[in-house]
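In: Give me the fold of what follows.
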Amino acid sequence: MESIQTSSAIDAPSKASPESSQYDIVCVGFGPAALAIAIAMHERGFSSNKNVLFLERQAEFGWHTGMLLPGTKMQISFMKDLATMRNPQSYFTFVNYLHKHDRLANFINLSTQTPFREEFNDYMKWCASHFGDQVRYNQEVLRVSPGKKTGSAIIDSFWVTSRDVRSGDVQRIFAKHVIVANGGEYSIPEGLKSPDISDRIVHSSQYLKRVPQKFQNENAEYRFAVVGSGQSAVEISEDLQSRYPKSRVSLIFRDSALRPSDDSPFVNEIFDPASVDEFYSLDSAHRKQSLKKNKATNYSVVRLPLIEHIYEKMYRQRLLTPDPRDWKLSLYHNSEVIGAKKSASGDALSLQLKNTITGESKVTTQPYDVVVVATGYQRKPFAGILKDLKPLLLSASEENGSLVQRNYRVLFRPGSVVRDAAIWMQGSCETTHGISDTLLSILAVRADELLDSINASRKTVEKKARL
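Out: Below is the predicted model of the structure:
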């Protein structure tokens, strides 16, 4: 591991003993949000005086590795990295990463603020490499459960149960503070959830891991369907046509057209850290209005240059190939996938589509070798690993429609959990903290806010103990 050097040597992150089952802080997940927290902990001295552990399901750090398509770029500035907006002098800035890898001058010569996604992933892997002693990879967290002393009616800790994805071994870890930053679960349309077709359904997050391996003949006339109308869906349709020039691709989406994302300067202010305060202060009805109004910044939208490229391609196709049945790329707008059926041979799927305007349904005439689903993620932690804690939650109607405080701390019923035991949510609070919650934009600043909250909870208890 490369030692971290600034003007003077910095101590390496601390390591809790492998035998220990008790930690001060356990974080579920070690993606970008958790990595930003690890960096902030290190720079604030948390990791030198507290037992800290991160549990990650993957075998190593990786950021959307199934979607690191060749040549694709970030959609945000490199300055929204894991540290700069919190501490521009941090060792862990993207600029310092470039400096350490002898590419700073070359990157400057590009005159861009948006790096290749492959490079940004490598930047985050470089950051993660400094915290290996605090992370247990291959650990899938199954649940977080309340814990208490024998005879006590008040919860004073939490049990984190995880399973080793390689051996199947299950472990339980005891912690006072638990951070949940495990990302979202794949969102699959209901009509494509049947187990008997799962071998022909690929979520966009698994695209590069499954499609090139399954379809290895680059000259074959494969038939692909891509479901979705966002940046990922369109990029995948482009990648398929590039990898398999003789293939046919159908892009299927519910909207009437591909719509451009709005990344203009004033609109982009909704991703500023300060915007979270304003959003959280709204009641639930106005929060919903705000999310709907700003949907065009992030959901089911495509960068304008890519839309223009697709339209030009469709026009040229129409010019050179008058018969639509021979087109390499077809767009099915106003179409929702409501079902699928395997062919008699079992090696292809036909799709049942419903017109989102008329409600009429039809079955596609051509079968597809695979259907790539680019319909995003869903985040429902209290229906998953936190379901054992649901009876302890404060009713959302009692606290401004929120299940979490502004500092991301979960709201439990008064008297049910001691003050210095708590759960914090990261990346599952869009409905209360705004559209930036699931994105990279505020990770650095949010990590600082979370650590402030952990410190505050501990100091409150310590102060009471002295009285």
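
In: Beyond the biggest strand by length in the chain, next helix or strand please.
Out: Across the chain, the longest stretch assigned as strand under DSSP state E is strand 170-180. Sequence-wise, the next helix or strand downstream of strand 170-180 (DSSP states H and E) is strand 185-186.

In: Which strands and helices lie in contact with that next one?
Out: Under the contact definition 3 or more C-beta pairs under 8 Å, 6 or more residues apart in numbering; DSSP states H and E, strand 185-186 sits against strand 377-378. Glycine gets a C-beta too; all of them are placed from N, C-alpha and C.

In: Repeat the analysis, applying 10 Å as the threshold.
Out: strand 201-203, strand 377-378 (3 or more C-beta pairs under 10 Å, 6 or more residues apart in numbering; DSSP states H and E).

In: Quick one: closest of the ones you listed to Gly45.
Out: Of all these, it is strand 377-378 that lies closest to Gly45, at 33.9 Å by C-beta to C-beta.

In: And that closest one, what does it pack against?
Out: strand 185-186.

In: Assign a three-state SS to the closest residue to Leu282 other than its chain neighbours, would you?
Out: Of all residues not flanking Leu282 in the chain, Ser290 sits nearest, at 6.6 Å (C-beta to C-beta, 6 or more residues apart in numbering). Secondary structure, DSSP: H, G, I helix; E, B strand; the rest coil: Ser290 is helix.

In: and Ser290, how many neighbours?
Out: 17 (other C-beta atoms under 10 Å).

In: Likewise for Gln366?
Out: The number of residues packed around Gln366, counting by other C-beta under 10 Å, is 13.

In: I'd like to know how far it sits from Leu393.
Out: From Gln366 over to Leu393 the distance is 49 Å, taken as C-beta to C-beta, to the nearest Å.

In: So Phe382 sits against Leu411, correct?
Out: No - in this structure, Phe382 is not within contact of Leu411 by C-beta atoms under 10 Å, at 11.8 Å.

In: which of those two has more neighbours?
Out: Neighbours were counted for Phe382 and for Leu411 using other C-beta under 10 Å; Leu411 has more, 19 against 16.

In: Just give the nearest non-adjacent residue to that one, would you?
Out: Leu394 (4.1 Å).

In: Return the per-residue confidence for that neighbour.
Out: Model confidence at Leu394, given as pLDDT, is 82.

In: Could you list which residues are in contact with His309?
Out: The contact partners of His309, by C-beta atoms under 10 Å, 6 or more residues apart in numbering, come to Val234, Glu238, Val302, Arg303.

In: Tell me where the chain has helices.
Out: Ranges of helices in the chain, per DSSP state H, are 32-44, 46-49, 94-100, 104-109, 117-128, 207-214, 231-243, 265-268, 275-280, 284-293, 304-320, 430-433, 443-466.

In: ranking these by burial, who's on top?
Out: Comparing the helices of the chain by mean neighbour count (mean count of other C-beta atoms under 10 Å), helix 32-44 ranks first with a mean of 26.

In: Packing partners of that one?
Out: By 3+ C-beta pairs under 10 Å, 6+ apart, helix 32-44 packs against strand 22-28, helix 46-49, strand 52-55, helix 117-128, strand 135-136, strand 170-180, helix 443-466.

In: give me that answer again for 6 Å
Out: Counting contacts by 3 or more C-beta pairs under 6 Å, 6 or more residues apart in numbering; DSSP states H and E, helix 32-44 packs against helix 443-466.

In: Leaving out the residues flanking it, which one is nearest to Phe279?
Out: In space, and not counting its chain neighbours, Phe279 is closest to Gly434: 3.8 Å by C-beta to C-beta, 6+ apart.

In: Just give me the neighbour total for Ser345.
Out: The number of residues packed near Ser345 is 7, by other C-beta under 10 Å.

In: Kindly report the same for Leu331.
Out: 18.

In: Would you agree it is in contact with Ile252?
Out: No - look at Leu331 against Ile252 with C-beta atoms under 6 Å: they stay out of range, at 8.1 Å.

In: hang on, the earlier thing: list the strands paired with the longest strand of the chain, with their directions.
Out: Strand 170-180 has the following strand partners under DSSP bridges: strand 22-28 (parallel), strand 157-164 (antiparallel), strand 422-425 (parallel).

In: Comparing these, which comes out most buried?
Out: Most buried of those, by mean neighbour count (mean count of other C-beta under 10 Å): strand 422-425, with a mean of 24.

In: List of residues touching it?
Out: If you take C-beta atoms under 6 Å, 6 or more residues apart in numbering as the criterion, strand 422-425 is touched by His177, Val178, Ile179, Val180, Val404, Tyr408, Arg409, Val410, Leu450, Ser457.
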